[in-house]
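[1] the sequence and its predicted three-dimensional model are supplied below.
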Amino acid sequence: MAVAIPETAAGLRFVSTGMEYPDGTVALEGVDLDVRPGQFVSVVGPSGCGKSTLLRLASRLEHHTSGEVAVDPHALAYVFQDATLLPWRSVKKNVALFCELRGDGKADIARRVQEAIDLVGLTGFENHYPHQLSGGMRMRASVARCLTVDPGVFLFDEPFGALDEISRQKLNDDLQTLFHAQKFAALFVTHSIAEAVYLSTEVVVMSGRPGRILDRVPVPFAYPRDPQIRYSEEFAHLCARVSQSLAGKEH
Ligand SMILES: Nc1ncnc2c1ncn2[C@@H]1O[C@H](COP(=O)(O)OP(=O)(O)OP(=O)(O)O)[C@@H](O)[C@H]1O
């Protein structure tokens, strides 16, 4: 039975959500998941289990075929694996894009853009063009562009998967600091168990297609997180738990 949920509910909610593509591919089945402001939920699962589909349903790029999806529609941000910057625009102009599309005033845009650029650590690179930046810096610009609209819900589709390990860890450090400061609702797709545990309040493990939730692993570390927790016994234990769930082992 469909459950009516107001669209303006803060954060994001899936209730018995299923998705069957027009060609008959059943990508998701019976997903129940709540992501409230101040929660950072990572999703891990085998390739093709419907992780990106989950994000697309949340963003309304695709429409679910069963159950419900409720999302605060006013402030949704989506970061893709590719930074999707416009090559002919400087960092400053790329970061300004969403505010310009929204029709904000010039002074307001300038303030929001500078704040976002400072928050992601790109101060001094405002007038650089995308080809003059490293992969990590391009992702920072992409995140900054989202921050300008004060997102209540932040969707991430494996944003750091293409980066080298050192850049990825640095971006993870900065993202969890940002999350601590802004307290948005985050749904983060990744193939890295360590990244999921390091960033999240909860790691959701999905089964192979059709994707269903197999396990939920709460992560108890307080924010802002000390990068050294990655070497702690508790961290290793949590990673092992996620890994075992992925392998279909009971606890
Ligand atoms: N537009 C589409 N039409 C039909 N099937 C689709 C469509 N988009 C995705 N699928 C299928 O739905 C399933 C889930 O795809 P999705 O991209 O959500 O998986 P994923 O978990 O994000 O995969 P990966 O980890 O490899 O990125 C896959 O079997 C995929 O082939």
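    Looks like it came in fine.

[2] what about the residue nearest in space to the middle of the chain, distance to the ligand?
    Centroid-nearest residue in the chain: Phe156, 2.5 Å away (criterion: Cα atoms, centre = their mean). Phe156 is 12 Å from the ligand, where distance means Cβ to the nearest ligand atom, to the nearest Å. The C-beta positions use only the backbone N, C-alpha and C, and glycine is treated the same way.

[3] and what of Ala186?
    17 Å.

[4] dihedrals phi and psi, that residue?
    Backbone torsions of Ala186, given as degrees, to the nearest 10, read phi -120, psi 130.

[5] and for Met206?
    According to degrees, to the nearest 10, the main-chain angles of Met206 amount to phi -110, psi 150.

[6] so who does it touch?
    Contacts here follow Cβ atoms under 8 Å, 6 or more residues apart in numbering; on that basis Met206 touches Val43, Val44, Gly45, Pro46, Cys49, Gly50, Lys51, Arg212, Ile213, Leu214.

[7] and for Leu187?
    Taking Cβ under 8 Å, 6+ apart as the definition of contact, the neighbours of Leu187 are Leu12, Val35, Val41, Val43, Leu54, Leu55, Ala58, Val153, Phe154, Leu155, Phe156.

[8] please flag which of these sit within strands.
    Residues of these located in strands (DSSP state E): Leu12, Val35, Val41, Val43, Val153, Phe154, Leu155, Phe156.

[9] heading C-terminal from the strand or helix carrying Val205, find the next helix or strand.
    Element membership of Val205, judged by DSSP states H and E, is strand 202-206. Later in the chain than strand 202-206, the nearest helix or strand by DSSP H and E is strand 213-218.

[10] could you list every helix and strand in contact with that next one?
    Secondary-structure packing of strand 213-218 (3 or more Cβ pairs under 8 Å, 6 or more residues apart in numbering; DSSP states H and E): strand 26-35, strand 202-206, helix 233-246.

[11] would CSV of the ones you listed with mean pLDDT and distance to Phe160 be doable?
    Written out in CSV, the entries for those read as follows (pLDDT from 0 to 100; distance: least, Cβ to Cβ, whole Å):
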stretch, mean pLDDT, distance to Phe160
strand 26-35, 97, 19
strand 202-206, 97, 16
helix 233-246, 96, 17
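
[12] deepest of these, which one?
    The highest average neighbour count among the helices and strands packed on strand 213-218, using mean count of other Cβ atoms under 10 Å, belongs to strand 202-206 at a mean of 24.

[13] partner strands of that one and their direction?
    For strand 202-206, the pairing partners within the sheet under DSSP bridges are strand 40-44 (parallel), strand 213-218 (antiparallel).

[14] report whether the first one contacts the ligand.
    By that I understand strand 40-44. No. Using Cβ under 6 Å from any ligand atom, no contact is recorded between strand 40-44 and the ligand, whose separation bottoms out at 8.4 Å.

[15] would you mind naming the residues that bridge with the residue nearest to the centre of the chain?
    On DSSP bridges, the residues paired with Phe156 through beta bridges are Val79, Phe188.

[16] picking up where we left off before, between the ones in strands among the contacts of Leu187, which sits nearest Arg140?
    The shortest distance between Arg140 and any of those, using Cβ to Cβ, involves Phe156 and amounts to 13.3 Å.

[17] I figured that closest one was touching Ala186, is that so?
    Yes. Distance between Phe156 and Ala186: 6.8 Å, which falls inside the contact criterion (Cβ atoms under 8 Å).

[18] got the end-to-end distance for stretch 224-231?
    Between the opening and closing residues of stretch 224-231 we find a distance of 16 Å, counting by Cα to Cα, to the nearest Å.
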